[in-house]
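Enquirer: Compute the structure for the input listed below.
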Amino acid sequence: MSGHSKWSTIKRKKEKTDNARAKIFTKIGREIAVAVREGGPDPAGNSKLKDVIAKAKANNVPNDNIERIIKKAAGDTNADNYEEIIYEGYGPCGVAVVVEALTDNRNRTAGDVRHYFDKYGGNMGQQGSVMFMFTRQGVVLVDAEDVDEDKIMEDALEAGADDVIPDEGVFDIRTDVHAVADVGEALTKAGYTVVSAQAEYVPSTYTRLEGDDITAMGKMLEMFEDNDDIQAVWHNWENEDDYE
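Expert: Residues are numbered from 1 along each chain as shown. Below is the predicted model of the structure:
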């Protein structure tokens, strides 16, 4: 099981200010550009680009924006050389945290990440310090409103999903990492509302926080999300919904 509802967290992020949404678009745009430079502009032959496009569409990035970024990246030989880096560490009370970054300055980003961990009672760890608590999976979340459980299970499995988990407000559909875009696309074509489709680091166990630790962990995640170099943050904080 997923351990906690993701729906309220996703809704909160989707309802952010225009400035915050613009930041999300910028980060996804950077991912698209990197995928194009690594594997070419055709998603049919570039599975990484295909996955990022699925993520972009789930985050309501307009198709025109996606096409423009792909075209620009394909012809821009002088673009910044971004490096993908994974950071690991612990938040308050030992919450495990995995941070995905795309950066053109490794020293700057590492310094920022370490500062955020330290500021809110955590610490940055070495490679492998928390990764053993996560598995890389494709995760497609579908709005559960007016959706029949048996029908979506049938449709999802037929599309190539491995499992369908009813959660609060959504169906949490697990796939192979390389199948997430295809499954998300198939479910969209079948008429379902896909609210998220991406590869995630899924925790095997969860940690519950109380009192001031909830505030500290919430503020730490906000710092990560506000940093332009950081693409995604995964963690095993069970009661994230308690942070307002």
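
Enquirer: Just name whatever secondary elements the lengthiest helix in the chain is in contact with.
Expert: For the chain, the helix with the greatest residue count under DSSP state H is helix 18-39. Applying 3 or more Cβ pairs under 8 Å, 6 or more residues apart in numbering; DSSP states H and E, one finds that helix 18-39 contacts helix 47-58, helix 63-75, strand 96-103, strand 230-235. To be clear about C-beta, it is placed using only N, CA and C from the backbone, and glycine gets the same treatment.

Enquirer: So which of those is nearest Val140?
Expert: The closest of those to Val140 is helix 47-58. By Cβ to Cβ, the value is 8.5 Å.

Enquirer: before we move on, what SS does Asn107 have?
Expert: Secondary structure for Asn107, judged by DSSP: H, G, I helix; E, B strand; the rest coil, is helix.

Enquirer: rewinding a little: state the mean pLDDT of the longest helix of the chain.
Expert: Here helix 18-39 scores 85 as its mean pLDDT.

Enquirer: Same check on stretch 199-215?
Expert: 95.

Enquirer: So for it, what gets flagged as buried?
Expert: In terms of neighbour count (16 or more other Cβ atoms under 10 Å), stretch 199-215 has its buried residues at 199-203, 206-207, 209, 213-214.

Enquirer: Widest-spaced pair of these?
Expert: Top of the distance list for these (Cβ to Cβ): Ala199 and Asp213, 28.6 Å.

Enquirer: hang on, the earlier thing: which ones among the buried residues of stretch 199-215 lie within strands?
Expert: Counting by DSSP state E, the buried residues of stretch 199-215 place 199-203 in strands.
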